[in-house]
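>>> Output the structure for:
(one chain, ligands or ions: 1)
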Amino acid sequence: MRYAIIADIHANLAAFTAVLDDIARGGGVEEMWCLGDVVGYGPDPHQCIELLRHYNHVSVAGNHDWAAIGKLSLSEFNPDAAAACRWAAQQLSPEDVAYLESLPLVIEKDDFTLVHGSPREPIWEYLLSIGNAKQNFTYFQSQFCLVGHSHVPLVFRYTETGGCSFSPFLTSSRLALGKSRLIINPGGVGQPRDGDPRASYAIYDSQTRTIRLYRIAYDINLTQNRMVEHNLPVRLVARLSHGL
Ligand code: ZN
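Numbering: from 1, shown residues only. The predicted structure follows:
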């Protein structure tokens with residue numbers, strides 16, 4: 001079976017559509033595993049929720065999903081993120097709100113635990129350092145954990161000697177799932193932050209026990225024009241060009 005691992009769509013319909021097209025071209029998947037933040041930052045929150053719900057999927061909640069429905073205070077957000085989230089809240093239908101309301105913080109699927117930020121702090125913690133990642137290996141039971149939130153594709157590996165190593169998750173090689181415990185981030189669909197502006201997602205193949213990362217070019221200008229149309233913060237518009 002094949003599963004798509006997607007994170008941080010962030011209301012970027014052009015990026016999400018490009019990813020869905022790519023998944024379809026590759027033969028489709030059994031189910032999509034979404035790691036949260038469907039909304040926030042981008043210009044199409046309602047459309048992205050509606051499109052995601054067309055697919056067989058599971059999703060955890062992200063900090064932007066919770067903030068858009070008033071489950072999390074915007075005081076913790078930077079001013080641009082807060083402004084975009086306030087705007088997103090106004091675009092949601094009652095069904096969208098009910099959908100976001102229903103999302104759990106943690107989902108367990110086969111050998112995987114799915115969270116937005118980290119297993120220790122699913123809503124807020126960014127896993128970008130070896131120190132934090134190492135501590136988090138004690139907060140989930142399964143062999144693998146899938147995280148989003150940082151929008152940076154990477155892999156943390158818990159070593160047999162109790163250490164932890166880090167590597168960027170690159171498109172050039174398949175990640176073979178062996179005996180090691182791993183924390184894996186597939187990067188962000190709608191707002192990549194690793195310096196590559198292309199949408200990022202991964203496919204897990206349960207037969208070959210491999211995960212492969214994909215980077216997909218999409219019409220960034222289309223998303224940026226829609227953001228300008230809706231007076232979303234200019235810095236959020238600009239960062240999409242740079243993937244930062
Ligand atoms: Zn995010």
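>>> who's in contact with the spatially closest residue to Ile220 that is not a sequence neighbour?
Ranked by CB to CB, 6 or more residues apart in numbering and with sequence neighbours excluded, the top spatial neighbour of Ile220 is Leu240, at 5.3 Å. In this view, the C-beta of every residue, glycine as well, is placed from N, C-alpha and C. The contact partners of Leu240, taken as CB atoms under 8 Å, 6 or more residues apart in numbering, are 12, 191, 197, 220, 223-224.
>>> ok, now Ala7?
Taking CB under 8 Å, 6+ apart as the contact definition, Ala7 lies against 34-37, 116, 146-149, 151, 185-189, 201.
>>> Of the residues you listed, which are in range of the ion?
Asp37 (CB under 5 Å from the ion).
>>> Buried ones among the contacts of Ala7?
Neighbour counting over the contacts of Ala7 (16 or more other CB atoms under 10 Å) leaves 34-37, 116, 146-149, 151, 185-189, 201 as the buried ones.
>>> The ion: which of the residues you listed is nearest?
Ranking those by separation from the ion, with CB to the ion as the measure, puts Asp37 on top at 3.7 Å.
>>> I'd like the distance between the closest residue in space to that closest one that isn't next to it in sequence and Lys179.
Nearest-residue entry for Asp37: Gly62, 3.3 Å, with adjacent residues in sequence omitted and distances by CB to CB, 6+ apart. Counting by CB to CB, to the nearest Å, the gap from Gly62 to Lys179 is 30 Å.
>>> more neighbours, those two?
Neighbours were tallied for Gly62 and for Lys179 using other CB atoms under 10 Å; the higher tally belongs to Gly62 (31 against 6).
>>> mind listing what that one touches?
Contacts were defined as CB under 8 Å, 6+ apart; by that measure Gly62 touches 8, 35-38, 40, 116-117, 123, 148-149.
>>> one step back: ok, and the most crowded of the contacts of Leu240?
Asn12 (31 neighbours).
>>> Helices along this structure, start to end?
Listed in chain order, the helices of the chain (DSSP state H) span residues 13-25, 45-53, 63-68, 79-91, 94-102, 130-136, 220-229, 234-242.
>>> who touches the shortest one?
When contacts are taken as CB under 8 Å, 6+ apart, the neighbours of helix 63-68 outside the stretch itself are 10, 36-41, 45, 72-74, 76-77, 81-82, 85, 88-89, 92, 100, 103, 116-117, 123-124, 149.
>>> Just the buried ones from the residues you listed?
When neighbours are counted using 16+ other CB under 10 Å, the contacts of helix 63-68 contain these buried positions: 10, 36-41, 45, 72, 74, 77, 81-82, 85, 88-89, 92, 100, 103, 116-117, 123, 149.
>>> Alpha carbons only: can I get stretch 29-36 in PDB?
Extracted in PDB, the C-alpha atoms of stretch 29-36 (Å, rounded to 0.1, in the frame of the first residue of the first chain):
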ATOM      1  CA  VAL A  29      -2.400   6.400  -2.800                       C
ATOM      2  CA  GLU A  30      -4.500   4.300  -0.400                       C
ATOM      3  CA  GLU A  31      -4.800   7.100   2.200                       C
ATOM      4  CA  MET A  32      -3.300  10.500   2.900                       C
ATOM      5  CA  TRP A  33      -1.700  11.200   6.300                       C
ATOM      6  CA  CYS A  34      -1.900  15.000   7.000                       C
ATOM      7  CA  LEU A  35       0.300  16.400   9.800                       C
ATOM      8  CA  GLY A  36      -1.700  19.600  10.400                       C
END
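>>> what residues does the protein put near the ion?
Remark: the part of the chain in contact with the ion comprises 8, 37, using CB under 5 Å from the ion.
>>> Please consider this matter closed, and thank you.
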